[in-house]
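>>> predicted model, plus sequence, below.
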Amino acid sequence: MASPPGGVPDEPTHVITAVAVSHGQGLGSPLSASQRRDLAQGRGGGLGGRASAYRSVIVPRVYDELNWGCFAFRPQVPASCQHFRGSRASGPAVTPVEWYSPLYYAWVGTIARPFPAGRFAWYAMRLASVGLFAALLASAATSLRRLPGSRLALAGLLLAGTPMAWFLGASVNPSGIEIGAGIAMWASGVVLVDEARQRVEPRVVVRFVAAAGVLVLARHPGAIWAILIAVVLCLSATPAARRRLARSRPVRIGLGVLSLCGLGELAWVLVARPFSATHVIFTGGLHSSGQILDATVGQTGSWLHQMIGTFGWLDTPSPAVTVALWVLAAGPLFVAAAIRARRTDRAALLLTLELAFAVPVILAAVEASEVGQHWQGRYQLPFVAGLPILAAASLGRARRVPKRAVPLVGAAVVAASAVAYAQNLRRYTVGDHGALQFWLHPSWSPPIPPLLLLVGVTIAVAVLAAWFATTSFPQVRRRPSDGARAEPPVPDGDGRSGRERRGATPVGAIAATATTWDHS
């Protein structure tokens with residue numbers, strides 16, 4: 001709600017593609033001569049102009065006539081300049097993302113079909129994305145609550161869900177769903193390899209496979225991240241856990257399902273050829289090794305900021321306090337895990353950190369040599385988001401949970417998220433150079449008053465953080481398997497039993513009741 005239609009990177013083209021795919025247009029049609037002439041200089045790519053990254057589709061004209069360009073890349077301009085008017089009659093439009101994996105577009109476009117074309121359908125598509133993104137994070141939380149020291153693991157989940165992840169997850173952009181799927185795969189995978197020391201829980205396997213399948217099918221790079229996540233998880237597992245996973249029937253079935261997802265994605269790649277040179281929007285790569293090095297390694301700092309929160313069309317960075325709080329909360333957690341966790345967990349954590357730096361640099365270098373520097377931090381967030389989850393789970397397994405870690409992390413997340421959300425609202429209501437009290441005289445107002453949005457989001461994040469910090473989830477009693485000895489439930493770190501803590505706070509009492517219903 002805090003961003004106007006078209007206020008998220010590439011959202012207008014994703015909306016056009018969703019409408020087209022939901023009406024069965026597939027790959028669209030080649031551009032007409034007039035459409036080629038209308039393309040901006042340097043866009044459309046192709047071999048000497050004979051081919052183009054853009055395709056022509058038939059959609060209601062209102063989507064193609066939205067003047068989102070009046071504020072994009074101009075952070076000082078509020079969204080009041082936008083006029084969402086146009087005919088609902090169908091007409092030709094161009095989009096450069098018709099080559100992307102179609103399932104996400106089919107999902108959001110189909111949900112929006114009952115709504116009239118325009119603003120209502122646009123928000124319906126966003127809500128369809130929100131539903132899928134929220135389901136993935138709920139799946140992650142459901143898995144992590146099974147771990148010893150589950151409160152710290154859930155604090156890791158809070159850190160994995162950066163403001164940028166929520167920003168994209170609430171927009172019409174498959175990047176948000178890719179990030180949510182990466183977080184869910186990490187969370188369920190960490191639990192899966194931990195419990196495999198004694199048994200394999202089919203429900204965890206189902207959540208892991210569902211998240212991995214969405215990750216593979218959301219965007220083309222998702223398959224790379226899914227493979228890397230699986231490699232790190234295998235490294236963190238004990239030899240006995242790996243053997244039990246290899247013998248598990250649910251795991252074998254899950255691998256078969258993921259193989260089908262991979263084959264489906266491969267079939268689409270072979271048909272649509274999204275990596276063809278003719279499908280590149282931008283032209284003009286960097287040929288000097290020095291330029292490529294500067295465009296990759298030299299940009300890693302900006303990638304970090306983008307992963308935490310850079311809103312609008314990458315033209316509105318979140319305040320420095322947001323980045324500082326996030327780093328101060330996640331950094332000590334990672335260092336503590338690297339020092340105090342078990343050897344296999346340390347190896348997995350350090351490998352994740354190395355890959356989180358090396359793989360994006362390699363991919364960005366290849367991109368820079370072909371089309372220039374266009375890599376963004378959000379592209380690597382599905383993998384990097386696993387760092388706080390893996391670190392928190394490693395500390396929990398080592399039975400070394402700092403008592404004050406969860407409340408401190410929760411407080412940092414609440415403050416950082418509120419400041420970041422306020423900055424995004426300010427940018428669109430009065431411009432990023434406008435008044436700090438943007439809610440008093442906004443030039444543009446979202447569907448819900450901006451002050452009510454800010455207060456509501458802050459309260460919601462605070463309640464979520466308080467729930468994670470004060471509630472003791474009943475530990476799962478792990479049944480012995482293959483002669484293994486069952487371990488007793490492990491308290492969350494303060495020495496009290498779950499029954500003693502369950503009613504300690506109002507939030508804890510509510511959560512305890514909900515947990516009882518869930519187990520029933």
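Yes, it's here. Numbering: from 1, shown residues only.
>>> the longest helix along the chain packs against which elements?
In the chain, taking DSSP state H as the definition, the longest helix is helix 343-371. On a contact count with 3 or more CB pairs under 8 Å, 6 or more residues apart in numbering; DSSP states H and E, helix 343-371 meets helix 222-236, helix 289-296, helix 300-309, helix 320-340, helix 381-384, helix 386-397. Heads up, the C-betas are built off the backbone N, CA and C, glycines and all.
>>> try it again with 6 Å
helix 222-236, helix 289-296, helix 320-340, helix 386-397 (3 or more CB pairs under 6 Å, 6 or more residues apart in numbering; DSSP states H and E).
>>> next, the buried residues of it.
Using 16 or more other CB atoms under 10 Å as the test for burial, helix 343-371 gives 344-346, 348-349, 351-353, 355-356, 359-361, 363-365, 367-369, 371.
>>> tell me what angle that helix forms with helix 222-236.
On the basis of axes from the mean of the first three to the mean of the last three CA atoms, to 10 degrees, helix 343-371 is oriented at 160 degrees to helix 222-236.
>>> by how many degrees do helix 343-371 and helix 300-309 diverge?
110 degrees.
>>> return the most buried member of the helices and strands packed on helix 343-371.
Greatest average neighbour count among these goes to helix 386-397 (a mean of 28), per mean count of other CB atoms under 10 Å.
>>> list of residues touching it?
Identification of contacts with helix 386-397 by CB atoms under 6 Å, 6 or more residues apart in numbering yields 147-149, 152-153, 155-156, 159-160, 186-187, 190, 330, 333-334, 337, 341, 345, 349, 352, 401.
>>> after it, next one along is what?
Next along the chain after helix 386-397, taking DSSP states H and E as the criterion, comes helix 405-429.
>>> tell me the angle of that next one relative to helix 320-340?
The directions of helix 405-429 and helix 320-340 differ by 150 degrees, with the same axes, to 10 degrees as the criterion.
>>> chain center to helix 405-429, what's the gap?
17 Å (CA atoms, centre = their mean, to the nearest Å).
>>> which elements pack onto that helix?
If you count contacts as 3+ CB pairs under 6 Å, 6+ apart, helix 405-429 packs onto helix 150-160, helix 320-340, helix 450-470.
>>> in a markdown table: those, plus mean pLDDT and distance to Ala241.
Formatted as a markdown table, the helices and strands packed on helix 405-429 follow (pLDDT from 0 to 100; distance: least, CB to CB, whole Å):
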| stretch | mean pLDDT | distance to Ala241 |
| --- | --- | --- |
| helix 150-160 | 92 | 18 |
| helix 320-340 | 92 | 19 |
| helix 450-470 | 94 | 26 |
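>>> ok, which of those comes nearest Ala435?
With CB to CB as the measure, helix 450-470 is the member of the helices and strands packed on helix 405-429 nearest Ala435 (11.8 Å).
>>> residues in contact with the closest one?
Contact with helix 450-470 is made by 1-2, 154, 406-407, 410, 413-414, 417-418, 421-422, 425, 429, 439, 442, 505, 507-508, 511, as judged by CB under 6 Å, 6+ apart.
>>> just want the angle from the longest helix of the chain to helix 386-397.
Helix 343-371 and helix 386-397 meet at an angle of 180 degrees, taking the same axes, to 10 degrees as the criterion.
>>> now helix 343-371, how far from the centre of its chain.
Here the centre of helix 343-371 is set off from its chain's centre by 18 Å, with CA atoms, centre = their mean.
>>> pLDDT averaged over it - what is it?
For helix 343-371, the mean pLDDT works out to 85.
>>> same deal with stretch 203-217?
97.
>>> stretch 110-117 now?
94.
>>> measure it end to end?
The straight-line separation of the ends of stretch 110-117 (CA to CA, to the nearest Å) is 12 Å.
>>> what's in contact with it?
Residues from elsewhere that reach stretch 110-117, judged by CB under 6 Å, 6+ apart: 22, 60, 62, 88, 121, 124-125, 128.
>>> low pLDDT regions in this structure?
The chain contains residues with pLDDT under 70 at 40-52, 276-291, 295, 368-373, 399-402, 472-520.
>>> for the spatially most central residue of the chain, what are phi and psi?
The centre of the chain sits closest to Ile179, judged by CA atoms, centre = their mean, with a distance of 2.2 Å. Reported as degrees, to the nearest 10, the phi and psi values for Ile179 are phi -70, psi -50.
>>> part of a strand, is Leu260?
No. Leu260: not assigned to a strand; according to DSSP: H, G, I helix; E, B strand; the rest coil it is helix.
>>> any idea how far it is from Leu266?
11 Å (CB to CB, to the nearest Å).
>>> over to Arg119?
For Arg119, the distance to Leu266 - CB to CB - is 38 Å.
>>> among these two, which residue is more densely surrounded?
Shown here are Arg119 and Leu266; by other CB atoms under 10 Å, Arg119 has more neighbours (16 against 12).
>>> and for Arg88, the neighbour number?
The number of residues near Arg88, taken as other CB under 10 Å, comes to 12.
>>> now do it against Leu66, distance only.
For Arg88, the distance to Leu66 - CB to CB - is 13 Å.
>>> and for Val232?
Val232 sits 42 Å away from Leu66, going by CB to CB.
>>> same check on Ile308?
29 Å.
>>> ok, now Leu454?
According to CB to CB, Leu454 and Leu66 sit 26 Å apart.
>>> so those two - more neighbours on which side?
The residue with more neighbours, out of Leu454 and Leu66, is Leu66; 24 against 19, by other CB under 10 Å.
>>> how about the secondary structure of the more buried one?
Going by three-state DSSP: Leu66 is coil.
>>> what's near enough to touch it?
Contacts for Leu66 (CB under 6 Å, 6+ apart) come out as 6, 84.
>>> how close does it sit to Gly169?
The value you get for Leu66 to Gly169, if CB to CB is used, is 22 Å.
>>> ranges for the strands of the stretch 1-150 of the chain?
Ranges of strands in the stretch 1-150 of the chain, per DSSP state E, counting those that start in this stretch, are 55-60, 90-95.
>>> rebuild the ones you listed as TSV, extending it with distance to Ser80 and mean neighbour count.
Output for the strands of the stretch 1-150 of the chain, formatted as TSV (distance: least, CB to CB, whole Å; neighbours: other CB atoms under 10 Å):
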stretch	distance to Ser80	mean neighbour count
strand 55-60	24	21
strand 90-95	25	20
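>>> out of those strands, flag the one nearest Val209.
Val209 sits nearest to strand 90-95 of all the strands of the stretch 1-150 of the chain, at 31.4 Å, using CB to CB.
>>> got the phi/psi numbers for Pro442?
According to degrees, to the nearest 10, Pro442 has phi -70, psi 140.
>>> give me the neighbour count for it.
Residues contacting Pro442 under the criterion other CB under 10 Å number 22.
>>> ok so, going back, now the strands of the stretch 1-150 of the chain as CSV including distance to Leu228?
Output for these, formatted as CSV (distance: least, CB to CB, whole Å):
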stretch, distance to Leu228
strand 55-60, 31
strand 90-95, 30
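>>> who's in contact with the closest residue in space to Val321 that isn't next to it in sequence?
Counting by CB to CB, 6 or more residues apart in numbering, Val321 lies nearest to Val419, which is 5.6 Å off, once chain neighbours are set aside. Applying CB under 6 Å, 6+ apart, we find Val419 in contact with 319, 321-322.
>>> dump the residue contacts of Thr296.
Thr296 touches 361, 364-365, counting by CB under 6 Å, 6+ apart.
>>> cool, Ala2 as well?
424-425, 446, 453.
>>> switch to 8 Å and redo it
By CB atoms under 8 Å, 6 or more residues apart in numbering, Ala2 lies in contact with 421, 424-425, 428, 446, 450, 453.
>>> closest to Thr17 out of the contacts of Thr296?
Nearest to Thr17 among those: Ala364, at 24.7 Å, using CB to CB.
>>> which positions within stretch 415-434 qualify as buried?
Those would be 415-432, 434, for stretch 415-434 by 16+ other CB under 10 Å.
>>> quick one: Leu425 and Leu245, what's the gap?
Distance of Leu425 to Leu245, given as CB to CB: 46 Å.
>>> likewise for Ala155?
Counting by CB to CB - Ala155 and Leu245 are separated by 27 Å.
>>> and Ser259, by the same measure?
Ser259 is 16 Å from Leu245, where distance means CB to CB.
>>> cool, thanks, talk later.
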